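Undergrad: Could you look at this predicted model? Sequence included:
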Amino acid sequence: MTTRREHILDAVKSAISATAGVDGRVYRSRVTALTRAESPAILLSWASETSSQVTSLATLDHTLEIQVAVIVRGDTPDEVADPIVESLHGLLMADTSLGGYASDVVPTSTSNENFEADQPGGVITASYQVIYRTSNNNLATL
């Protein structure tokens, strides 16, 4: 059995796989460096999760923080990344239930980091909170 968190991350990856400008280069929890030929690309990972029991029901409400990083190369990296960020945001927010696994998806922040490489590069990271619910004693069911 798979947890709802895994279903959610799979649904996010599926939703953003058609992002314009990355030719399907969407990676989940990748730890190896990208080559020049592999950019632009999107890296999806989750950063944290909090849970609470807010009702007398035998359920837990979860807030999953995900990060979607757009890696680009170009003279003005944030300008190169902008249409990619716009595309992925639209695709992700098109179904905020993520196929029925989530209650909501909420954009929380975006950060920009530039780096020096064989040509200028940048990482634009968009963070989102995914709200979902599970049963108290089983992370795979509601």
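TA: Thanks, I have the structure now.

Undergrad: How about the residue in the protein that sits furthest from its center?
TA: In the chain, the residue that sits farthest from the middle, by CA atoms, centre = their mean, is Ser56; the gap is 31.2 Å.

Undergrad: Look up phi and psi at it.
TA: phi -80, psi 0 (degrees, to the nearest 10).

Undergrad: How many residues are close by the residue nearest to Ala117 when sequence neighbours are not counted?
TA: Nearest residue to Ala117 in three dimensions, chain neighbours excluded: Arg73, at 7.0 Å (CB to CB, 6 or more residues apart in numbering). Where you see a C-beta, it was placed from the backbone N, CA and C, and this is true even at glycine. The burial count assigned to Arg73 is 18, neighbours taken as other CB atoms under 10 Å.

Undergrad: is it true that Arg73 touches Val80?
TA: Yes - at 7.4 Å, Arg73 counts as touching Val80 under the criterion of CB atoms under 8 Å.

Undergrad: Skipping adjacent residues, who's closest to Asp75 in space?
TA: Asp75 sits nearest to Pro120 (CB to CB, 6+ apart), 6.0 Å away.

Undergrad: could you pull out the strands for this structure?
TA: With DSSP state E as the criterion, the chain has strands at 26-28, 41-52, 59-73, 104-115, 121-135.

Undergrad: who does the last one touch, helix- and strand-wise?
TA: The contact analysis (3 or more CB pairs under 8 Å, 6 or more residues apart in numbering; DSSP states H and E) places strand 121-135 against helix 4-16, strand 59-73, helix 77-93, strand 104-115.
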